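Enquirer: A predicted structure for the sequence below; I have some questions about it.
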Number of protein chains: 4
Amino acid sequence: MILFQCDYNEGAHPKVMERLVQTNGEQTVGYGEDAYCLEAAQKIRKACGDESLAVHFLVGGTQTNLTVIDAALRPHQGVLCAATGHINVHETGAVESCGHKVLGLPGEDGKITAAQVEAACIEHRDNDSFEHMVQPKMVYISNPTELGSIYSRAELSALYEVCQKYGLYLFLDGARLGYGLAASDNDLTFADVARYTDVFYIGGTKVGALFGEAVVISRDELKEDFRYLIKQKGGMLAKGRLLGVQFDALFTDDLYLEISSHATVLAEKLRTTFVQKGYELVAPNHTNQIFVIMPDAHLDALREHFGFSYDHRVDAEHSVVRFCTSWATKECDVDALIAMLEQF
Amino acid sequence: MILFQCDYNEGAHPKVMERLVQTNGEQTVGYGEDAYCLEAAQKIRKACGDESLAVHFLVGGTQTNLTVIDAALRPHQGVLCAATGHINVHETGAVESCGHKVLGLPGEDGKITAAQVEAACIEHRDNDSFEHMVQPKMVYISNPTELGSIYSRAELSALYEVCQKYGLYLFLDGARLGYGLAASDNDLTFADVARYTDVFYIGGTKVGALFGEAVVISRDELKEDFRYLIKQKGGMLAKGRLLGVQFDALFTDDLYLEISSHATVLAEKLRTTFVQKGYELVAPNHTNQIFVIMPDAHLDALREHFGFSYDHRVDAEHSVVRFCTSWATKECDVDALIAMLEQF
Amino acid sequence: MILFQCDYNEGAHPKVMERLVQTNGEQTVGYGEDAYCLEAAQKIRKACGDESLAVHFLVGGTQTNLTVIDAALRPHQGVLCAATGHINVHETGAVESCGHKVLGLPGEDGKITAAQVEAACIEHRDNDSFEHMVQPKMVYISNPTELGSIYSRAELSALYEVCQKYGLYLFLDGARLGYGLAASDNDLTFADVARYTDVFYIGGTKVGALFGEAVVISRDELKEDFRYLIKQKGGMLAKGRLLGVQFDALFTDDLYLEISSHATVLAEKLRTTFVQKGYELVAPNHTNQIFVIMPDAHLDALREHFGFSYDHRVDAEHSVVRFCTSWATKECDVDALIAMLEQF
Amino acid sequence: MILFQCDYNEGAHPKVMERLVQTNGEQTVGYGEDAYCLEAAQKIRKACGDESLAVHFLVGGTQTNLTVIDAALRPHQGVLCAATGHINVHETGAVESCGHKVLGLPGEDGKITAAQVEAACIEHRDNDSFEHMVQPKMVYISNPTELGSIYSRAELSALYEVCQKYGLYLFLDGARLGYGLAASDNDLTFADVARYTDVFYIGGTKVGALFGEAVVISRDELKEDFRYLIKQKGGMLAKGRLLGVQFDALFTDDLYLEISSHATVLAEKLRTTFVQKGYELVAPNHTNQIFVIMPDAHLDALREHFGFSYDHRVDAEHSVVRFCTSWATKECDVDALIAMLEQF
């Protein structure tokens, strides 16, 4: 069986694992205040071109989302996001568990627009019952989104401007950021992401690390006391250096982007086959996720040899499924899948 | 100025006020354990035809909703309701503030159906990521709804059945329950409401009391320790007897339903005029709320003499507005409004 | 039976009740934005000698405490208070329910000192694990305290200074404020309380109103969006004018202080008897609460005619009990109790 | 520099690391449903001698504590623990952040007794204001405690009995469980711990793993939907197999207890020196933590070569400090420290 189910089916990239093994016996202080964390943070600041950024390392994505959002909002404030957003659907209500409403905005491709955010702000302000409604105070986006789509530089900067205009924070969930930056149609850099958000994170779990997400904060008021929040929410790893060591490796010699490209190139190869074979792509994109409509009969045949995720039924005989590549995907495995697809 | 803005523009019904004055100097124990509360609870049990019901008195609607919902749910559980539901829109995220996601279901008339609830339960259960999603555990409806519509006996019992089938609690917000039971097309009784829900409340604030909502619990597991929750959420009135005295008055000689009918009869009179004059009703109903599309020019003229609530804009020249009657509405005031409408 | 159990055994002062009756039929807008609320707020500002104060009306004490505290704190911050403080013991964990730790400080008389607050701040700051501990950000005191004791002007200003020094908010719970200001040994005024706190409230429930607490905010950052918090926590009364009408009455012709004095004078009369009869007072004070050690045999005899609250057992034959007077206490009832005490 | 600061200064035990490396390239499903987690859970069940136990793997201690406690309690319920308990002092209010009060009980040695729990339950029940107070529903203990002390079998079973009697859950935090079971005066087994608690966890972070805590649940009602809670609180590791692999290694050939004994033996060696040299031990114990009163002059000298944690000041010239051994401590490092102590 070859798994294309998700981008966290394997352990860590060999270079990351190697560093963990090399440093395993060393003694360091705990809780992310060791030299490895300091060094990794510095490399991330450099990649983003901004020395003033605060960088913190957490273990996983849901944990990071809830910590950032709860750190930023007062009790009556909520977070705008795509209705399909991870925080709105797939985190078991983690944000609500911290007391905050997620305000879902409709959309087709997993993205939201500056115009939607502006409309939501105006609707709230120009309303006699505004104090009876949750006050929008943050915008959450993911890049790539749940559907693999990405924001252009123009779209991101427009979102940031409208957030500035209405006093909202812009938070970018970069659980798969590498695969977005490595997409063939991407025009964003780390520096752009840092510039056009108030806080974002660089996903490690899905991009070469065993686990770990690097939170990067540019807005001063969000930096304050952030470590208290990490601790309270259970995200402060005792052996914090494990996060530092991993991100240090990922941000050495451009490893992070290099292994991300590996994934998007292989995804593109696979995607081309799907298109050539006449399958319809859902939410077409150039990142590491492929959402495709396939006949159930083909899926049944594939299941004997390949893992993929089932998304939803389209009609009596067709379903949407997802194939993911990652830094760990082997080209021979992609070729094997292509070979089988060619037979249909 | 004559106000038709809402059903809480005045104080209390004279008979309620009279009882408050009569009992004002008496000494009683606090926190709802006095004889008036016991007596009022007993009268409500009798009206519902069920001696086993637990009855508690709280001050207001948002407080009641958040207390009931937080008492019922575990942290990972959420509450299904109409997307237009009060808890989803107009309580400043009170339910989320207690940690629970509100799962909005679409709809036209403020109501949700048993089929929608069943579909939501099935979607949750038949999903590989079910543990990553909020578990539906309660259904919240209001009767009448935010749009003045009401549930028939068949609709309510179908909802209750599907809740039983999937292990959900059914909670009915009766902030305006009197106006629902007094609607010309209603076929529900207090006993039906008690039978086909797990918990509901009888609104006093909008139906003759200065304030107060009577929570009626039929499901045993929801009865447990409910008073702790009332206290914790700030709803336990020190002079609890004020609530008992008021509900005792409202449930003496059918006062509650009698004054509710007063409101719905006057609403019907006004509604008939709107229809005769050719205005389009939105979410037509027979309770105390009239949602109507009117030209802005007419609204400007009305505003000089009458209060009403502005709902939303329809097009460049028309808006939806709401007129409310209540137990306190004077027929002469309705006639004055009708007279003005006749002039358009 | 004559009840001395608490200061909320009766309804409202006749002048308050009279105003409620007079205004009952009037139509006003809801949610505390009516003319009565505006007028009452203005009178309170005047009594405090500060036009810049924000004034809001809530229904009860627990609700007010949780709303103010949750409005003020970020998630990792806690509130220092006497271990005996109402929020620490008798609100069913309402503050924790909003996510915040109550940090109890030891003490004998229900009060805390500036030195204790300073020590707590220093302990937190000079600690390697400071981010692993809740950050003190607010000091909660009540005046009078749970034990009837009061703060002097010097004590209060010292607390305020230390709070300013360490960046903490000072919040004074004035559920019984009138009885504190009317104590024979009090040297505080409303203006002092406003000046030496960041936020406080003037209790109505226990001092002449049917219910109601007036929150007075001097610190600008605590004023922001406070009405959202009131709504979210269930404290925004639909018929908000009920609160305005009552506080307007209480702040007309010094009624609030006048009826408070009535209570403290009668308490002093009763207290004198206890002392003369040789009973030991616990936490001696000059407000409306008397904590006294009595033989159980005397208590059994008293119980036939008088209500009081049982506090705790001292030894096999003695207990601490509490007698309360209030604005509603009749001198003849105090005399009846004294007469019975004289017989022991 | 040689660090004795804590038991998480190094990475993982070589055998654990080796397994992580060996399995790194394998593909598995995520979220703890892989074969390694199933196998590790089965080994833990076997060690506990109970096939009915539910076993879940989380990343860290604070996360585990807040997840277990929030899963168990209704909103008005709180958790009893030693005032020095980790959840009460060193988790930045994580439990309160989930809405629950921590009810601290006094004590000298970090432990609480069955008698204390019974007294707290009785005090709550026999109290007129019981509904105004947080309801105790869980007892949290750690073994070893924060001070290194351990519970005997008799003490633990007495606690469990009193919890059963009063309907409380008993939760044992075993972040350092190995060092407790390996203490020379210990009489508990894994099976005892499973039998005399409702839920406990086996700490991996401090006992040989890179990270990870294994939650073991015996009480059926606590098993229900526990994975939802793990996900909501951010503790569900995407690459869950990392936890399975590590605990599988730790529970193969008794590695967990073997490496724990290594630590306690070395601690005993060091402890003997302290005693022989006349230093006073605080909270004497036979686990891996040594709390000792030392002259500041000695501490200054030690600091040049050794790391340890500063606890608190005793007087002008003495402080309490902590030395920790762990599975990773080298005997030569202990000998070096002893050599230096011998010189004082």
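Expert: Structure's in. What do you need?

Enquirer: what segments of the stretch 151-300 of chain A are strands?
Expert: A:169-173, A:199-203, A:213-217, A:280-282, A:289-295 (DSSP state E, counting those that start in this stretch).

Enquirer: mind listing what the first one pairs with, with the direction of each?
Expert: Read it as strand A:169-173. Using DSSP bridges, the strands paired with strand A:169-173 are strand A:135-142 (parallel), strand A:199-203 (parallel).

Enquirer: tell me which helix or strand in chain A has the weakest average pLDDT.
Expert: Lowest on mean pLDDT, DSSP states H and E among the helices and strands of chain A sits strand A:309-315, with a mean of 93.

Enquirer: do it and chain D meet?
Expert: No. Using C-beta under 8 Å from any C-beta of the partner chain, strand A:309-315 stays clear of chain D, coming no nearer than 10.4 Å. (C-beta placed from N, C-alpha, C; glycine too.)

Enquirer: compute the inter-axis angle for the next helix or strand after that strand and strand A:289-295.
Expert: Later in the chain than strand A:309-315, the nearest helix or strand by DSSP states H and E is strand A:318-324. If you take axes from the mean of the first three to the mean of the last three C-alpha atoms, to 10 degrees, strand A:318-324 sits at 150 degrees to strand A:289-295.

Enquirer: can I get the CA coordinates of strand A:318-324 in CSV?
Expert: The C-alpha coordinates for strand A:318-324 follow below in CSV (Å, rounded to 0.1, in the frame of the first residue of the first chain):
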residue,chain,number,x,y,z
HIS,A,318,-18.9,9.7,-8.5
SER,A,319,-17.1,11.1,-5.5
VAL,A,320,-14.6,13.8,-4.7
VAL,A,321,-11.4,12.4,-3.3
ARG,A,322,-8.1,13.9,-2.3
PHE,A,323,-4.5,12.9,-3.2
CYS,A,324,-1.7,14.6,-1.3
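
Enquirer: what's that strand packed up against?
Expert: On a contact count with 3 or more C-beta pairs under 8 Å, 6 or more residues apart in numbering or on different chains; DSSP states H and E, strand A:318-324 meets helix A:255-276, strand A:289-295, helix A:296-303, strand A:309-315.

Enquirer: partner strands of it, with direction?
Expert: strand A:289-295 (antiparallel), strand A:309-315 (antiparallel).

Enquirer: tell me which residues in the last one are buried?
Expert: Translated: strand A:309-315. Within strand A:309-315, the residues that count as buried by 16 or more other C-beta atoms under 10 Å in any protein chain shown are A:Ser309, A:Asp311.

Enquirer: got the angle for that strand vs helix A:296-303?
Expert: 160 degrees.

Enquirer: and the helices in the stretch 101-250 of chain A, which stretches?
Expert: Using DSSP state H, counting those that start in this stretch, the helices of the stretch 101-250 of chain A run over residues A:114-125, A:153-166, A:177-181, A:190-195, A:220-223, A:226-232, A:241-250.

Enquirer: would you mind finding the most buried of those?
Expert: helix A:177-181 (a mean of 30; mean count of other C-beta atoms under 10 Å in any protein chain shown).

Enquirer: who's in contact with it?
Expert: By C-beta atoms under 8 Å, 6 or more residues apart in numbering or on different chains, the residues outside helix A:177-181 that reach it are A:7, A:143-144, A:150, A:174, A:186, A:188-190, A:193, A:200-203, A:206-208, A:256-257, A:259-260, A:263-264, A:287-289, A:327.

Enquirer: and if you look at stretch A:105-120?
Expert: Contacts of stretch A:105-120 (C-beta under 8 Å, 6+ apart): A:80-85, A:103, A:136, A:139, A:141-142, A:145-149, A:151, A:155, A:158-159, A:161-163, A:165-166, A:168, A:283.

Enquirer: are any of these buried, and which?
Expert: Members of the contacts of stretch A:105-120 classed as buried by 16+ other C-beta under 10 Å are A:80-82, A:84-85, A:103, A:136, A:139, A:141-142, A:145-149, A:151, A:155, A:158-159, A:162-163, A:166, A:168, A:283.

Enquirer: quick check: A:Ser231 touching C:Val134?
Expert: No Ser there; residue A:231 is Lys. No. Taking contacts as C-beta atoms under 8 Å, A:Lys231 lies outside contact range of C:Val134: 10.2 Å.

Enquirer: joint contacts of those two?
Expert: Common neighbours of A:Lys231 and C:Val134 (C-beta under 8 Å, 6+ apart) are C:His76, D:Thr92.

Enquirer: what residue ranges in the stretch 151-300 of chain A are flagged as low confidence?
Expert: The model of the stretch 151-300 of chain A has no residue with pLDDT under 70.

Enquirer: and the gap between A:Tyr179 and chain B?
Expert: 20 Å (C-beta to the nearest C-beta, to the nearest Å).

Enquirer: many thanks, we can stop here.
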